[in-house]
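# would you be able to build a 3D model of this:
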Amino acid sequence: MPSAGAVCPPLIVPIRKHVTGLSTTHIDTSTLVEITSGTDDCKLYFTANGTKPSPFQRKVAGREVTFKYVAPFTLKAGKRTLKAVAVSRDGLRESDPVTKTFIVDDVGLASTTDYQTDDYSSFFETTDLETSDSMLKSRPKTKSRKKTKSPMRTKTPTMKSTKPTLRDSQSMSRVPREAWASSGYYDQQSSGAYNDYSTTTSTPQAPEGPFNPTNYSGTQINVWGNPPANWAGLNGNVGSGASIPPVQYGYLTEQMIQGCNPESKHVTVGDLKKMMQMTQHQETLPPPREPTPPPTRPPPTVTRPPPAIEAPKLKDPPLNPISPGGGAVKENICHIYAHMLDHAKNNSTFRMKISEPKIGRLLEAEFVDEGDGYRISLVMGKPGIPRGSIRKTKPPPKTKEIKKSSSEDSKKKKPPPKSDPYFAMETEDLQTEGTVKAYPGFNAEQDAEVLKKAMKGFGTNEDDIINVLAYRSNPQRVEIRDTYKTMFGKDLIEHLKSELSGGFLETAKCLCMSPPEFDAYNLRKAIKGLGTDDDCLIEILCTRSNTQLTEIKRVYKEKFNKDLEKDVIGDTSGHFKRLLVGLIQANRSDSKEVDRSKAKQDAKSLFEAGEKKWGTDESRFNAILVARSYPQLRATFDEYSKLSKKDMEDVLKSELSGDLLRGMLTIVRCVRNKAGHFARQLQKSMKGMGTDDDTLVRIIVSRCEIDLVQVKEEFQKLTGQTLDQFIADDLTGDYRNIILSIVTGGPPPASAAKSGKGFVEATKMKTEEELDEEVRMESETLKEDPTVTPAENFSAEQDAEALKKAMKGFGTDEDAIIKVLAYRSTSQRVDISRTFKTMFGKDLISELKSELSGGLKKLCVGLCMSSAEFDAMNLNNAIKGLGTDEKVLVEILCSRSNAQLKEIKTTYKTKYGKELEKDIVGDTSGHFKRLMIGLLQANRDESKEFDRSKAKQDAEALLQAGEKKWGTDESRFNVILVARSYAQLRATFQEYAKVANKDIEDSIQSEMSGDLRDGMLAVVRVIRKKPAYFASEFYHAMKGLGTDDDTVCRIMVSRCEVDMVQIKEEFQRSYKQTLGMFITDDTSGDYRKLLLALIREEKPTKGWTLPSGDEDED
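Next up, the predicted model:
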């Protein structure tokens, strides 16, 4: 037996008849399993995977694992382990877990249609929509039925019946019953449990199963009043002599039924309520002056008013100012109905319009919270006209003049502030920096249009959503949300809810809120429902300033119509409640002055209230930590260290515990280093198995425009690993991408602004002057930023000697080779190669080939060649032999300048004695051959001038050759893309987007195929941004199973001394991970070492250890 005040462990019992020789744990898929506890008024939680139930953290990694027990359920076939606990109503006590393993046989689902679940669609209280992988299964709904009945269990192979059940009796009619009514035999005239649906029905049908899962209040009803093991007549096997007790009601309910229904007529619950009201009304009336003559009818009919037992008459619902809410669906609908009637009475126009037509059934309904009101939209059927059969007229398109005026108006608009004023309310003016900053080219209408198209039709373009929400400041995102509602009549957050899910949805939704709205939303989410998220309360209330807390309280009251302080008081207790209530008052001193004598007094008070006292005076700690300013508290902590050998955090850990300890530790850590506190919380959220998504999203979104740069620095000091790498290892999919985009910061990916729908919409909104300026800026010569630079104090003889020594004798010193080749420029490595042959009479490349292997050999060989030799070698390898590697031809010929192409042709002729052009002609064909030959002529105009009128002509020619032509004139694309300068083609792409309303890349994708499509796309992407093109090639070479070492080595050798720094930046911006992370994950050994050395990320960031100490208290 449990001790006094403890909670009894639950019982896990299969509901079925005992079968001799068959274990109680051997059941089938139709057998219901019940969980009970001997402790009254407790809640039951269980898991179906054998793990211990966690009532207050039911989801792990976004998936529900712990279920709240509501009604008996069935299990899928196989071996299933259930583990259950009972939790007291206040959540403070918990029973020992109970485990039971079942062997479940599959008997098919042929008879599961008897389960009707209209009134209760799921046996589990869960908000997780993706529970298909759960070991539990709920009964399917039937599409249409006239009556709703309680679930009935089918017979299992082990439950044989020798007598026919009442299901076999087809002539007996079924009496409709309420969800709280039993299906057993009893005297309905005496109980009044049935409504008067039929006067011909005499006796209700015997049950086929002894169990009604739930009534409308969600509680279980034991119809027989006996333990499951003692139930008789299971599965309809009720013997002729079996007596089934009547429905079990509570004492008060039985008294109401007997007192309010003496005529033994069946009544509804609504009738009972009316009769009670009539009885109370009669008791308040004064006694009549004259006595009533004795009635001729039976006394019960005289004392009870007839309306109480008659069918209720249809009346207009009461016109109340506010509906009850709180889940009362029927009452809320009646409230709307009453106000619509009132509106029709007072508005003749509305009354005439709605009363004239004949209206069919309800087709669509939508309820939207618009912030300052609720919008209810109904679509009713029109008799005789199917929905969608009539084409609706579209509004006329906007003219060019309107677009011009809108662009001019957008010019006149004031630029958005750098950050929300809420962020400026921090406790102290510290030098901090956020990762998310205001986007310079911000246009709310354009961003709203991009988001609309990203969520339009089948599927969702998550990249477009990320590229807008993750790269705009909070004021800009709020403006986008307002503009979205103005343009499309929909709330952006509600639209995101219908398209996204999981952590990605939560992050996108939070980004669309203003900071005080975001904090108020998280506080409300932490308080409502079962249990309280104390960590959320601590994080927000213990880290916000007075001004921020005042703003949070205002928004909380405005948004939820509740008082934050009252909600916190109702959900917390003890000294922790006093701490939070004290913080909510927002009365902390804002003074930056320090009173040293007061600090000594406070330190002494804390010492006497804690270490010097038997027990702890928590109120003393509360009063000082809540009221003093941050500078004053720092001085107090310094003075305390003089009185005690312990640090303030150690004192709190030894004197306090639980939520109170965590709250006060948060205050102390924020006083000392707020960025360090949030870094610690981020580490906790991703530590161990699973991720605390709520905490992760809450911190990233709330700090991304305040001090996330400093948080990242503190995180790396704490864990020895970057926050980016931590997130990349712990999250997946679009959720990871949006979090990494916020953490990384910077401008959005080049593809977001320079291609696709975003580029088209941006181009259409700009004037020609703006477009010209954009082309000029993009055509400016960018400063090359390589990772490999010439070594100082270079000596070819010493390096040649070091390489000879590394390859001498048995084995090879790969580290020595990497140390030389990875830190010398191309010209220095070529000089080393010549010196090596002069000193030792051997070719360095041949020696490397004989000593190394795999990707390391390819990379070292390429590093010992000049750029032209390396490109010529790769082209020759792509052409010679069986087949052709067109990818190599595209990459080299489409990305090299005229001078580089001429040098490649000369080197190819010298090295292989062949003409490169003839080899390509012999190995390619069709339009792809013409594209390669055209590029090989090296006749592209390399000037930075462009002609807008010529760009318009070329754009129109491309449109006529592709989108507007049956088939495609590839030669026209070839002429323009091969001959025009980069600046001229950028202007042409702008004009093409305006005339075709489509990006040039999208047109090439739809009009061409194969190698020609890849070649044309490579030309366009190189023109737009060459580093982004090579970043994409890197990504696809390492993505998925296996690595394309040829591509990785080719790009690494050719770009490490040109623009590798820009390639790394574009890679991280586009794929949310650093290039070093990808290389570390995808390669190994000395090959990985050399690659990381060439991009100057020599130390792999894999692996980390938790800092020692105090994980439990955190």
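# just give me the residue right at the centre of the chain.
The structure's the chain has its C-alpha centroid closest to residue 503; by CA atoms, centre = their mean the separation is 1.9 Å.
# what pLDDT is listed against that one?
Listed pLDDT for residue 503 reads 91.
# wouldn't residue 583 be in contact with residue 540 here?
No: between residue 583 and residue 540 there is no contact under CB atoms under 8 Å: 9.5 Å. In this view, the C-beta of every residue, glycine as well, is placed from N, C-alpha and C.
# so between those two, which is more surrounded?
Taking neighbours as other CB atoms under 10 Å, residue 583 and residue 540 compare with residue 583 leading, 25 against 21.
# check contacts around the residue lying closest to the more buried one once chain neighbours are set aside.
In this structure, residue 583 finds its nearest non-sequential neighbour in residue 541, 4.6 Å apart by CB to CB, 6 or more residues apart in numbering. Each residue near residue 541 by CB atoms under 8 Å, 6 or more residues apart in numbering is listed here: 523, 549, 580, 583, 584.
# how about residues contacting stretch 517-533?
Under CB under 8 Å, 6+ apart, the answer for stretch 517-533 is 43, 55-56, 68, 91, 510, 513, 534, 536-537, 540-541, 544, 548, 552, 555-556, 559-560, 562, 564, 567-568, 571-572, 694, 698, 701-702.
# what does the average pLDDT come to for it?
Stretch 517-533 comes out at a mean pLDDT of 91.
# list the buried ones in that stretch?
Using 16 or more other CB atoms under 10 Å as the test for burial, stretch 517-533 gives 517, 518, 519, 520, 521, 522, 523, 524, 526, 527, 532, 533.
# what backbone torsions are found at the fourth one?
Which is residue 520. phi -60, psi -40 (degrees, to the nearest 10).
# ok, it to residue 561 distance?
Distance, residue 520 to residue 561, using CB to CB, to the nearest Å: 12 Å.
# hey, where'd the strands end up in the stretch 251-400 of the chain?
Using DSSP state E, counting those that start in this stretch, the strands of the stretch 251-400 of the chain run over residues 362-369, 374-380.
# out of the ones you listed, which is closest to residue 935?
strand 362-369 (55.1 Å; CB to CB).
# what strands line up against that closest one, and which way round?
Taking DSSP bridges as the criterion, strand 362-369 forms sheet pairs with strand 374-380 (antiparallel).
# alpha carbons only: can I get the strand it pairs with in PDB?
The C-alpha trace of strand 374-380 is given here as PDB (Å, rounded to 0.1, in the frame of the first residue of the first chain):
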ATOM      1  CA  TYR A 374     -13.600  38.100 -35.400                       C
ATOM      2  CA  ARG A 375     -14.500  37.600 -39.100                       C
ATOM      3  CA  ILE A 376     -17.000  34.800 -39.900                       C
ATOM      4  CA  SER A 377     -17.400  33.800 -43.500                       C
ATOM      5  CA  LEU A 378     -20.100  31.400 -44.700                       C
ATOM      6  CA  VAL A 379     -20.700  30.000 -48.100                       C
ATOM      7  CA  MET A 380     -24.300  28.600 -48.500                       C
END
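# residue 854 contacts residue 1087, correct?
Yes: using CB under 8 Å, residue 854 is in contact with residue 1087, at 6.2 Å.
# quick one: which of those two has more around it?
residue 1087 (25 against 13).
# dump the residue contacts of the more buried one.
Residue 1087 makes contact with 854, 855, 856, 859, 1045, according to CB under 8 Å, 6+ apart.
# one more time with 6 Å, if that's ok
855, 856 (CB atoms under 6 Å, 6 or more residues apart in numbering).
# re the thing from before, between the strands of the stretch 251-400 of the chain, which gets nearest to residue 849?
The nearest among those, by CB to CB, is strand 362-369 at 69.3 Å.
# same question for the closest one, mean pLDDT?
On average, strand 362-369 scores 84.
# outside of it, which residues touch it?
Residues contacting strand 362-369 (CB under 6 Å, 6+ apart): 375, 376, 377, 378, 379, 380, 381, 387.
# in TSV, list the residues you listed along with distance to residue 356.
Below are the contacts of strand 362-369 laid out as TSV (distance: CB to CB, whole Å):
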residue	distance to residue 356
375	24
376	21
377	21
378	17
379	18
380	13
381	16
387	20
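# top of these by number of neighbours, please.
residue 381 (15 neighbours).
# need the longest strand for the chain.
Secondary structure of the chain per DSSP state E: the longest strand is strand 78-88.
# next SSE downstream of it?
strand 98-105 (DSSP states H and E).
# just the helices from the stretch 801-950 of the chain, written as ranges.
Assigned by DSSP state H, counting those that start in this stretch, the stretch 801-950 of the chain shows helices spanning 814-821, 826-840, 844-851, 854-863, 867-879, 886-893, 898-912, 916-923, 926-936, 948-961.
# and the angle for the fifth one with helix 898-912?
Helix 867-879 and helix 898-912 are oriented at 70 degrees to each other (axes from the mean of the first three to the mean of the last three CA atoms, to 10 degrees).
# cool, the fourth one as well?
Orientation of helix 854-863 against helix 898-912 (the same axes, to 10 degrees) gives an angle of 110 degrees.
# what do you get for the last one?
Taking the same axes, to 10 degrees, one finds helix 948-961 and helix 898-912 inclined to each other by 60 degrees.
# buried ones in the helix or strand just after helix 948-961?
Later in the chain than helix 948-961, the nearest helix or strand by DSSP H and E is helix 970-979. Buried positions in helix 970-979, judged by neighbour count with 16+ other CB under 10 Å: 970, 972, 973, 974, 975, 976, 977, 978.
# cool, stretch 697-716 as well?
697-716.
# for this structure, what spans make up the strands?
Under DSSP E, the chain gives strands at 11-15, 26-28, 32-36, 42-47, 59-60, 63-64, 67-69, 74-75, 78-88, 98-105, 124-125, 136-137, 362-369, 374-380.
# in JSON lines: those, plus distance to residue 459.
Output for the strands of the chain, formatted as JSON lines (distance: least, CB to CB, whole Å):
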{"stretch": "strand 11-15", "distance to residue 459": "43"}
{"stretch": "strand 26-28", "distance to residue 459": "41"}
{"stretch": "strand 32-36", "distance to residue 459": "40"}
{"stretch": "strand 42-47", "distance to residue 459": "34"}
{"stretch": "strand 59-60", "distance to residue 459": "26"}
{"stretch": "strand 63-64", "distance to residue 459": "23"}
{"stretch": "strand 67-69", "distance to residue 459": "31"}
{"stretch": "strand 74-75", "distance to residue 459": "35"}
{"stretch": "strand 78-88", "distance to residue 459": "35"}
{"stretch": "strand 98-105", "distance to residue 459": "38"}
{"stretch": "strand 124-125", "distance to residue 459": "30"}
{"stretch": "strand 136-137", "distance to residue 459": "29"}
{"stretch": "strand 362-369", "distance to residue 459": "22"}
{"stretch": "strand 374-380", "distance to residue 459": "25"}
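# among these, which is nearest residue 626?
Using CB to CB, the nearest of those to residue 626 is strand 78-88, at 30.6 Å.
# what is the burial count for residue 868?
20.
# contacts only, for it.
So, once contact is read as CB under 6 Å, 6+ apart, residue 868 ends up touching 903, 904, 907.
# tell me the one of the residues you listed nearest residue 22?
The nearest one, if we look at the contacts of residue 868 relative to residue 22 and count by CB to CB, is residue 904, at 81.2 Å.
# which non-adjacent residue is nearest the closest one?
residue 871 (4.9 Å).
# wait, isn't that neighbour in contact with residue 892?
Yes: using CB atoms under 6 Å, residue 871 is in contact with residue 892, at 5.3 Å.
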